[in-house]
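>>> Here you go, sequence then predicted model.
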Amino acid sequence: LPNIRSSPTRNLPQKIADRLGLELGKVVTNKFSNQETCVETGESVRGEDAYITQNGCGEINDNLMEPLIMINACKIASASQVTAVIPCFPYSWVPISAKLVVNLLSVAGADHIITMDLYASQIQGFFDVPVDNLYNCTIVSSGAGGAKRVTSIADRLNVGFANEVDRMVLVGDVATLVDDMADIYGTTCHAADKLLSAGATRVYTILTHGIFSGPAISRINNACFRAVVVTNTIPQEDKMRHSIKKTHNEESVSLGWAHVPL
C-alpha cells in the first residue's frame, strides 16, 4: 500500500488517507534557527510508492519547500515511485514562475504530479513527468474561448448555459459560475452582476481553489450569490468563521460555504 505523507498540520492529507483506509506516514517538519525548513521521515520507504500531499497556499514558500525536501528524501531513500499531490499548484499565475516550480519538482525527484484545475492548462505542457490535471466543470464562460466547452457540459447536465460574460446571452433563469480559483473575487462578482442584468433570478458560484484574500469575503457578502461552493483544496475554516449574513435575503453566507465536498 502507498504511503501518504505531508505535514501533520494539514487536514487534507488526513481526509485522503481516511477515504483510502490508510494511515499517514510519519513526517515531522520543523524550522532551523535560521528559518530553513527541516523535514524528517520516521519510517522506511524503500521499494514503496510514496504520495506526498501539500497545498500551494498559506505560507506559500514554506509549503513549496516542504514537499520538495520530502520528495528528494524519499527518492534518496529508494522509494519505488514518488507522486506529488498538489491540489492548488503554486506560482501558476505567471507561466515563467510555473515552469520554475515544475522544474523544481522534477529535479527533486517527483515521478508523477496530481493537481487540480491548473490556472492555465498550458502549464501541463511544461512537465517532463506524467501529470494528472483534475478538472472542475464550467457552466458560464467568462470569455468567448470557453463557449464550446460550456455548451457541451451544459448539454450533458441538462442545464442552461451562458456565453461570454461581457456580451451575455443567457439561457434559463438559474446561472452557475464556475472557476478554477478566486483571489480577491472582483471578476466573479462582476460576472454575477452581468448575469442578473441578463435576466438570471438565481446565481450560484462553484470554485476549485478558494484563495479569498483581501476584500474577497466582503465582496461575497455584498454580492447576489445564493451560495458559494468551494472544494477543500484550501482550508476555509477561518473564512467561514468571519462570514456575515448576506443583506439581500438575510441568509447566512455559511450556508453556502457548508457544501464542501470531502
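Good, I have the coordinates. Numbering: from 1, shown residues only.
>>> ok, Phe64 touching Gly56?
To be clear, residue 64 is Leu; Phe isn't right here. Yes: with contact defined as Cβ atoms under 8 Å, Leu64 counts as touching Gly56 (6.9 Å). To be clear about C-beta, it is placed using only N, CA and C from the backbone, and glycine gets the same treatment.
>>> Now the common contact residues for these two.
Taking Cβ atoms under 8 Å, 6 or more residues apart in numbering as the contact rule, Leu64 and Gly56 both touch 90-91.
>>> Can you get me the start-to-end distance on stretch 89-100?
Criterion Cα to Cα, to the nearest Å; first-to-last residue distance in stretch 89-100 is 12 Å.
>>> What residues sit buried inside that stretch?
Neighbour counts using 16 or more other Cβ atoms under 10 Å place 89-92, 98 of stretch 89-100 among the buried residues.
>>> got a list of contacts for that stretch?
So stretch 89-100 is in contact with 56-57, 60, 63-64, 101, 115, 118-120, 122-123, 126, going by Cβ under 8 Å, 6+ apart.
>>> Among those, which pair sits farthest apart?
Asn63 and Gln122 (23.5 Å; Cβ to Cβ).
>>> the more surrounded of the two?
Asn63 (20 against 10; other Cβ atoms under 10 Å).
>>> on contacts alone, who are the packing partners of the helix or strand that one falls within?
If you go by DSSP states H and E, Asn63 is part of helix 60-76. Packing partners of helix 60-76 (3 or more Cβ pairs under 8 Å, 6 or more residues apart in numbering; DSSP states H and E): strand 37-41, strand 49-53, strand 81-86, helix 95-108.
>>> how about a markdown table for the ones you listed, with mean pLDDT and distance to Leu24 added?
Formatted as a markdown table, the helices and strands packed on helix 60-76 follow (pLDDT from 0 to 100; distance: least, Cβ to Cβ, whole Å):
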| stretch | mean pLDDT | distance to Leu24 |
| --- | --- | --- |
| strand 37-41 | 84 | 11 |
| strand 49-53 | 92 | 9 |
| strand 81-86 | 93 | 13 |
| helix 95-108 | 91 | 20 |
